[in-house]
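Undergrad: Coordinates only, no sequence provided:
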């Protein structure tokens with residue numbers, strides 16, 4: 001079987017996955033398979049739970065309200081977990097949905113809302129964030145669901161960061177002419193790095209926040225070029241840079 005099978009429907013489930021297990025899907029999942037995708041008994045579905053790898057299952061009963069799956073065999077083992085924390089100032093719903101999905105696609109293993117001085121949206125729907133993270137993982141062949149953290153103030157979030165973790169924070173006022181070179185200077189051979197990427201609000205960081213961020217033992221202020229980016233665009237740009245230079249794209 002190909003490394004990724006994008007032609008078969010994939011579902012995240014909470015149950016343990018072993019050959020012979022029978023899974024009762026939620027009403028939402030059942031409706032999606034039976035009424036939206038028009039799957040029928042005997043059709044194949046790929047399932048994963050973030051712990052046991054990916055498994056092939058067969059639709060084994062399709063009632064009006066609940067579908068059952070019979071787990072057949074493992075198609076991919078669970079990969080080693082990454083270690084990329086993504087910290088961000090919350091956005092309005094639609095743009096936050098997009099940002100969460102892209103962060104998951106880019107390999108984030110923890111999503112942490114951070115409240116800064118200029119944050120415009122202080123209430124975050126964590127349940128919706130998790131739903132978007134699961135949807136992105138289902139669609140992109142990812143076998144892990146990132147941790148969804150409770151919102152913290154910027155001071156609390158920085159204080160909670162382990163001193164060994166490299167903090168990359170994006171700031172339009174950073175004196176960095178070559179972001180690739182700035183990141184490459186932090187690289188240590190092929191050793192996987194423990195990373196945190198921080199994207200601030202569209203109003204930028206306050207001066208005292210920049211000062212506080214620079215006090216972290218391992219920190220890289222990063223400019224993302226000559227244009228001012230929206231926060232959700234900056235997320236994709238920053239995570240792509242980090243992944244390519246010091247992350248798991250290498």
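TA: Yep, it's here. If you're wondering where the values come from, they're calculated on a predicted model, not measured in any experiment.

Undergrad: use CA for all of it now, contacts and neighbours both
TA: OK.

Undergrad: now the helices for the chain?
TA: 27-31, 93-105, 126-140, 154-160, 179-184, 207-213, 231-245 (DSSP state H).

Undergrad: Is it possible to get these out as TSV so that each row also shows mean pLDDT?
TA: Output for the helices of the chain, formatted as TSV (pLDDT from 0 to 100):
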stretch	mean pLDDT
helix 27-31	90
helix 93-105	94
helix 126-140	96
helix 154-160	96
helix 179-184	91
helix 207-213	94
helix 231-245	93
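
Undergrad: Per-residue pLDDT of residue 192, please?
TA: On pLDDT, residue 192 comes in at 69.

Undergrad: Test my guess that residue 175 contacts residue 223.
TA: Yes. Residue 175 lies in contact with residue 223 (C-alpha atoms under 8 Å); the separation is 7.2 Å.

Undergrad: Could I get the contacting residues of the spatially most central residue of the chain?
TA: Centroid-nearest residue in the chain: residue 104, 2.4 Å away (criterion: C-alpha atoms, centre = their mean). Going by C-alpha atoms under 8 Å, 6 or more residues apart in numbering, residue 104 touches 133, 136, 137, 145, 146.

Undergrad: Neighbour-wise, which one of the residues you listed leads?
TA: Neighbour tally across the contacts of residue 104 (other C-alpha atoms under 10 Å): the maximum, 27 neighbours, falls on residue 133.

Undergrad: List the single closest residue to that one in space, sequence neighbours excluded.
TA: residue 101 (5.7 Å; C-alpha to C-alpha, 6 or more residues apart in numbering).

Undergrad: Quick check: the gap between residue 81 and residue 42.
TA: From residue 81 across to residue 42, the span is 32 Å (C-alpha to C-alpha, to the nearest Å).

Undergrad: wait, residue 25
TA: Taking C-alpha to C-alpha, one finds residue 25 at 15 Å from residue 42.

Undergrad: So for the two, which sits in the more crowded spot?
TA: Set residue 25 next to residue 42 and count neighbours by other C-alpha under 10 Å: residue 25 wins out with 21 against 13.

Undergrad: Mind pulling the model confidence for residue 63?
TA: Model confidence at residue 63 (pLDDT) stands at 62.

Undergrad: repeat for residue 42
TA: Per the predicted model, pLDDT is 92 at residue 42.

Undergrad: which residues does it contact?
TA: 58, 59, 60.

Undergrad: Thanks again, I'm all set now.
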